[in-house]
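Visitor: any chance you can model this:
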Amino acid sequence: MLSSFLCLFLILIALILIKIFLTQWWTPTRLQKLMARQGIKGPCYRLVHGNTKEILNMKNEAISRPKSLTHDLFPLVQPHYQSWVKKYGKVFLQWHGTEPQLVIFEPEFCKEILNNKDRVYMQKDRQGFEKNLVGNGLGAAEGEHWSKLRKIANLAFHGESLKNMIPDMIASAEKMLQRWKNHEGKEIEVYQEFRLLTSDVISRVRLPGISFFKSPDELESQKLEKGIRNCINEIVNKREQKAMSGKEDSWSDFLGLLLKAHRDSNKNQRISVDDLVDECKTFYFAGQETTNTLLGWTVFLLAHHTDWQEEARKEVLQLFGKETPNPDGIAELKTV
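Guide: Got it, this is the predicted structure:
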């Protein structure tokens, strides 16, 4: 009995060692050689961590160097790419642990991948924290599921729909500027201010759940996801009740279109509650974070290049004077 158990134990150990050998060494080195034969080289694969240690060391070294105001930020934020493009060319192979990553800087190749007409380039499966937070919205969807969600988004965010949102955007901006008047002569943290602005805009145009969102650093992702889902479901239910009672007849905004798709009589066009929730999460995180970052960066550049700041101010005053901007006038802002 003991000898049989020992034999099974040794076989199990042997299988584990073989698996470790295959995943940690044989498969990565074999793949690296195959790619090299096709002319695609890159930094050498290292056991367990791949190239992650090299990348981290290069980033730490770049961050430690003295910095000045410059547009040449690429060597600072992605020093490994800067170094490896010079060394291996515009297409090279790097390793995230045992996962191979093909890095492409060749514009024509990038264009082909992004067009993806034949749908041969699949979305990367989100795992763990990212999946809990963003779900399976438009950014992660594939095939027919992607087509349904893309159609809804196109309807909600075409030109005329965006024009209808301008009064809400202006109201949020005026609210922010009023707050700034109380800080006259004082330093303002514009990134945080624009985070408040973009959250306020999204809440005015009725993307749900905004007041609930907290920093991912504050809560574990599973608890956060559950809270987000409950919050969105509550707002969806209230919205449906209003629509059914005739108190609200607008189904043209993003949430309204998602609800219509959820209730669609055509089963092939219908989306699930999970789809609805995931789309709300996707557009909040993708829209709010990217927009407030862009606004913060724009203000930084205008502060750095005061000649452009003056040109932009002059153009706005010429077109609007002291009037509130309007959609037709905004289209004429060439410098801005």
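
Visitor: give me the low-pLDDT residue ranges for this structure?
Guide: 1-2, 125-140, 203-225, 243, 246-252, 286 (pLDDT under 70).

Visitor: list the buried residues of the longest helix seen in the chain.
Guide: Longest helix in the chain by number of residues (criterion: DSSP state H): helix 273-304. Under the neighbour-count criterion of 16 or more other Cβ atoms under 10 Å, helix 273-304 has 275-285, 287-288, 291-292, 295-296, 299, 302 buried. The C-beta positions use only the backbone N, C-alpha and C, and glycine is treated the same way.

Visitor: how far off centre is it?
Guide: 8 Å (Cα atoms, centre = their mean, to the nearest Å).

Visitor: ok, now stretch 302-310?
Guide: 29 Å.

Visitor: can you give me the end-to-end span of that stretch?
Guide: Chord length of stretch 302-310, first to last residue, is 9 Å (Cα to Cα, to the nearest Å).

Visitor: can you list contacts of that stretch?
Guide: Residues outside stretch 302-310 that contact it (Cβ atoms under 8 Å, 6 or more residues apart in numbering) are Leu69, Leu301, Ala312, Thr335.

Visitor: any chance of those in a markdown table, with secondary structure and distance to Ile18 too?
Guide: A markdown table is the format used below for those (DSSP: H, G, I helix; E, B strand; the rest coil; distance: Cβ to Cβ, whole Å):
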| residue | secondary structure | distance to Ile18 |
| --- | --- | --- |
| Leu69 | coil | 55 |
| Leu301 | helix | 56 |
| Ala312 | helix | 65 |
| Thr335 | coil | 65 |
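
Visitor: the strands in this structure, which residues?
Guide: With DSSP state E as the definition, the chain shows strands at residue ranges 91-96, 99-104.

Visitor: who's in contact with the nearest residue to Phe109 once chain neighbours are set aside?
Guide: Nearest residue to Phe109 in three dimensions, chain neighbours excluded: Val91, at 6.8 Å (Cβ to Cβ, 6 or more residues apart in numbering). Counting by Cβ under 8 Å, 6+ apart, Val91 makes contact with Ile40, Leu102, Val103, Ile104, Phe105, Glu106, Phe109.

Visitor: how is this protein carved up into domains?
Guide: 16-121, 143-304 (automatic domain parsing).

Visitor: winner for burial among those domains?
Guide: domain 143-304 (a mean of 15; mean count of other Cβ atoms under 10 Å).

Visitor: so how far is it off the chain centroid?
Guide: On Cα atoms, centre = their mean, the centre of domain 143-304 falls 14 Å from that of its chain.

Visitor: and it, end to end?
Guide: Termini of domain 143-304 sit 45 Å apart (Cα to Cα).

Visitor: so how far is Asn115 from Gly3?
Guide: Not quite, residue 3 is Ser, not Gly. 63 Å (Cβ to Cβ, to the nearest Å).

Visitor: whoops, Asn154 was the one
Guide: Taken as Cβ to Cβ, the span from Asn154 to Asn115 is 17 Å.

Visitor: what does Asp253 give?
Guide: Using Cβ to Cβ, Asp253 is found at 30 Å from Asn115.

Visitor: one more: Ser4?
Guide: 60 Å.

Visitor: also Ala171?
Guide: Relative to Asn115, and taking Cβ to Cβ, Ala171 is found at 38 Å.

Visitor: got it, and Thr98?
Guide: 30 Å.

Visitor: likewise for Lys267?
Guide: Taking Cβ to Cβ, one finds Lys267 at 30 Å from Asn115.

Visitor: now swap in Asn164 and tell me
Guide: Counting by Cβ to Cβ - Asn164 and Asn115 are separated by 31 Å.
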